[in-house]
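[1] sequence first, then the predicted structure, then my questions.
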Amino acid sequence: MPDQNADHAADHATLLAAAFKGELAASRRLAARTGMPEAEALRATLTLHAGAAGLDRLLAARAAERLRGEHGAAARRALAAAALARRVRQPAAPAWRAWFDGSARPNPGRCGIGAVLEGPGGVRIELSRTAGHGNSSEAEYQALIAVLEAAVRHGAQAPAIHGDSQVVIDDVHAPGSASAPVLRAYRERARALLACLPGATLRWIPRHKNAQADALSQRAVPPEPPSTDEALHE
């Protein structure tokens with residue numbers, strides 16, 4: 001008897017899983033009208049709906065459909081989890097960003113530096129000033145040092161620093177001593193400042209993406225007016 005009761009319960013559970021809401025409602029009405037046990041009423045209702053195909057085929061088809069739905073739901077959950085993981089892995093845009101540029105007019109000649117430092121809350125610092133006499137790499141290094149000093153003063157957290165001088169950026173990142181003795185002191189100063197800015201990054205960008213810093217460096221050393229002799233000659 002216990003085995004029969006267990007089989008009956010399992011059979012009823014199978015019918016309940018296969019039945020649609022309308023079929024469940026119809027079976028309850030049938031049981032209420034006839035006094036038939038609910039399990040028998042449900043079997044009768046589903047048998048009627050199965051028609052010539054038979055109840056077993058109906059149950060098998062609905063079980064397969066339910067399984068496909070579960071697989072589809074699992075796949076959608078997996079895709080959603082993967083998308084969430086990708087968003088979590090993607091680094092947030094840095095709160096502090098900087099750009100620097102240096103120019104020498106002529107090269108070597110008068111040096112000008114320009115830089116922009118941006119931070120949270122609308123913080124924006126622009127630098128534009130002369131920087132003595134030297135070549136373009138010296139000017140670039142001085143611009144980098146100036147913006148790093150500004151970042152340290154303002155407590156910048158993990159700033160992303162950009163410049164268009166491949167020479168200077170490669171020099172900062174290269175192991176060993178600087179390739180050019182004239183740049184060694186600049187390199188040491190830049191590295192010391194970077195050490196004060198944990199998480200800072202220094203990356204090369206093409207010149208057209210460094211327009212603001214470039215304009216500031218050019219503004220620092222405007223072209224000299226022609227000499228009197230040149231003006232008379234013209």
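    Noted; the coordinates are in hand.

[2] now the residue nearest to residue 135 when sequence neighbours are not counted: how far from residue 145?
    Take residue 135 and drop its neighbours on the chain: the residue closest to it by C-beta to C-beta, 6 or more residues apart in numbering is residue 108, 4.2 Å away. C-beta coordinates here come from the backbone N, C-alpha and C atoms, glycine included. Between residue 108 and residue 145 the computed distance is 18 Å (C-beta to C-beta, to the nearest Å).

[3] which one of these two is surrounded by more residues?
    residue 145 (21 against 14; other C-beta atoms under 10 Å).

[4] so who does the more buried one touch?
    Residues in contact with residue 145 (C-beta atoms under 8 Å, 6 or more residues apart in numbering) are 186, 189, 190, 193.

[5] CA atoms of the helix or strand encompassing it as CSV?
    According to DSSP states H and E, residue 145 maps onto helix 136-153. Extracted C-alpha coordinates of helix 136-153, given in CSV (Å, rounded to 0.1, in the frame of the first residue of the first chain):
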residue,chain,number,x,y,z
SER,A,136,61.8,69.7,-27.7
SER,A,137,62.4,66.7,-25.5
GLU,A,138,63.6,68.9,-22.7
ALA,A,139,60.5,71.0,-23.1
GLU,A,140,58.3,67.9,-23.1
TYR,A,141,59.9,66.6,-19.9
GLN,A,142,59.5,70.0,-18.2
ALA,A,143,55.8,69.9,-19.1
LEU,A,144,55.4,66.4,-17.7
ILE,A,145,57.1,67.4,-14.5
ALA,A,146,54.9,70.5,-14.2
VAL,A,147,51.7,68.6,-14.5
LEU,A,148,52.9,65.9,-12.1
GLU,A,149,53.8,68.5,-9.5
ALA,A,150,50.3,69.9,-9.9
ALA,A,151,48.8,66.5,-9.5
VAL,A,152,50.7,65.9,-6.3
ARG,A,153,49.7,69.3,-4.9
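
[6] how about it: buried residues?
    Neighbour-count burial for helix 136-153 flags 136-152 (criterion: 16 or more other C-beta atoms under 10 Å).
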